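Student: Quick one: sequence and predicted model below, then my questions.
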Amino acid sequence: MKKIILVLGIILFCSAVFCQQEEGEYIDNSFSEQITLARNISFVQALRAIEVLSQLYDNRKILSTSSFNQPIGIPVNQLHWKDALKLIVGYHHLILEEQPGTYLIRDVEIVKDKDAEEKKLVITPNSQQVRISAIFFKADRTLSKEVGINWSTLLNDNILVDLTGADDMGDEIIAASIGEPLPPETFKAGNVTIALDALLKIVESYQRGAIVARPTITVISGKKGFVQVGQDFSIKTFDQAGNVIDKFYETGMILTVTPKILTENEKQAIHLVMEIEKSSAIPGALTTIINKSKSVTEVLLYDGEETVIGGLYDNDTKLERSGIPILKDLPWWFFGLRYIFGRTSKAISSNEMIIILKVGIVDSIEDRKLDTTTVEEQIKESRSKNTEADKLFEEKK
């Protein structure tokens, strides 16, 4: 009897050990798909970490078109990678779309009624139009402070500059403002008014800034206008049928405007809704990140008035090679001499994108037609209309 009990005990013990081993193997396999993230890790870094697992277990990349890149704000402790992705995206009120071969993350779009006013808008020959001229000016981040440029004082293509403590650039600014060369040993202090075009040319001559683009568009009042200075990039994805397709996204300097002419007591003003975006795509081995700066605003301007939008910053990184000529540019395999006779330095410059917009009301078609018609043609047309009216009057009699 004791032997039977001993045999049964050994069998039960072996069964328990075997079950624990199987359970341990299952836990280990499940644990390999789990991820742990600290709450202070950035959103982009979290996506890159999760993407490693999504490509390994689901064969999908992660593409983010959202402008959000703050810390995720919540700790993720041993959570399945897909649940962690949904948790982080949902916590920040973003949209996660599961597409063939890709997880797409984007901002929540404010659904509008596709502008009910725009639908009701009937375009006629007398519809008014607005001409919008833009200047995309890229300048050093410290330029405005060093030279004393107050962009908010822009009026009638003139701008106010405070030259207190300015360098040699101030001499040319004063000379441009007074229209003659600056006398030597002139004390530079106080404010001067200078034409905008002259100021931009002086800044460009000192290589402290450059005009990126000067687009001009004409938009019907109440309609939307679009300008893009940049390029589109595409990612490979799959449609519902499993075919490989290219999906394109816009990057660069993107300007979307919706002007509307307001009339009251024979006075006209322009209500301008602007959306300005500066973005760039950074492709990587695992994912593509879009760096984006965006500004949305509404302003009320009169005919011919300007407005300025700034604060869109970015950093440019340049690698510069210095050292002994020829020797510093030798290939790395040539006894390593390039490292002895030269060095590579990284220069990072911070720039600010300044957008200057000017609006103007365009004459109606009838007014433009009169401008191109001679006086004789106008008299003949008036007489013809009067003759037709007389005939109608006689027929009624």
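Tutor: Ah, there it is.

Student: What's the local residue count around Asn315?
Tutor: Here the number of neighbours of Asn315 (other Cβ atoms under 10 Å) works out to 10. C-beta coordinates here come from the backbone N, C-alpha and C atoms, glycine included.

Student: and if you look at Ala281?
Tutor: If we define neighbours as other Cβ under 10 Å, then Ala281 has 20 of them.

Student: element containing it?
Tutor: Per DSSP states H and E: Ala281 is located in strand 267-283.

Student: and that strand, average pLDDT?
Tutor: Average pLDDT, strand 267-283: 87.

Student: Report the buried residues of the next helix or strand after it.
Tutor: As assigned by DSSP H and E, the chain's next helix or strand after strand 267-283 is strand 288-302. Using 16 or more other Cβ atoms under 10 Å as the test for burial, strand 288-302 gives Thr288, Ile289, Ile290, Lys292, Leu301.

Student: go on, stretch 82-89?
Tutor: For stretch 82-89, the neighbour count (16+ other Cβ under 10 Å) marks Lys82, Ala84, Leu85, Ile88, Val89 as buried.

Student: Please apply the same query to stretch 89-102.
Tutor: Buried residues in stretch 89-102, defined by neighbour count with 16+ other Cβ under 10 Å: Val89, His92, Leu94, Leu96, Gly101, Thr102.

Student: my guess is the fifth one meets Leu63, correct?
Tutor: Which is Gly101. No. If you go by Cβ atoms under 8 Å, Gly101 and Leu63 don't touch, sitting 9.9 Å apart.

Student: and for those two, which residues touch both?
Tutor: Common contacts of Gly101 and Leu63 (Cβ atoms under 8 Å, 6 or more residues apart in numbering): none found.

Student: For the residue nearest to Val296 when sequence neighbours are not counted, name its beta-bridge partners.
Tutor: Leaving out its chain neighbours, the residue that sits closest to Val296 by Cβ to Cβ, 6 or more residues apart in numbering is Glu275, at 4.9 Å. In this entry, Glu275 is beta-bridged to Thr256, Val296, by DSSP bridges.

Student: Please apply the same query to Glu306.
Tutor: For Glu306, the beta-bridge partners are Lys358 (DSSP bridges).

Student: Report pLDDT for it.
Tutor: 90.

Student: What's the local residue count around it?
Tutor: Neighbourhood size, Glu306 [other Cβ under 10 Å]: 19.

Student: Ser221 now?
Tutor: Neighbour tally, Ser221, other Cβ under 10 Å: 19.

Student: Contact partners for it?
Tutor: Ser221 sits next to Ser127, Gln128, Gln129, Val130, Pro259, Lys260, Ile261 when contact means Cβ under 8 Å, 6+ apart.
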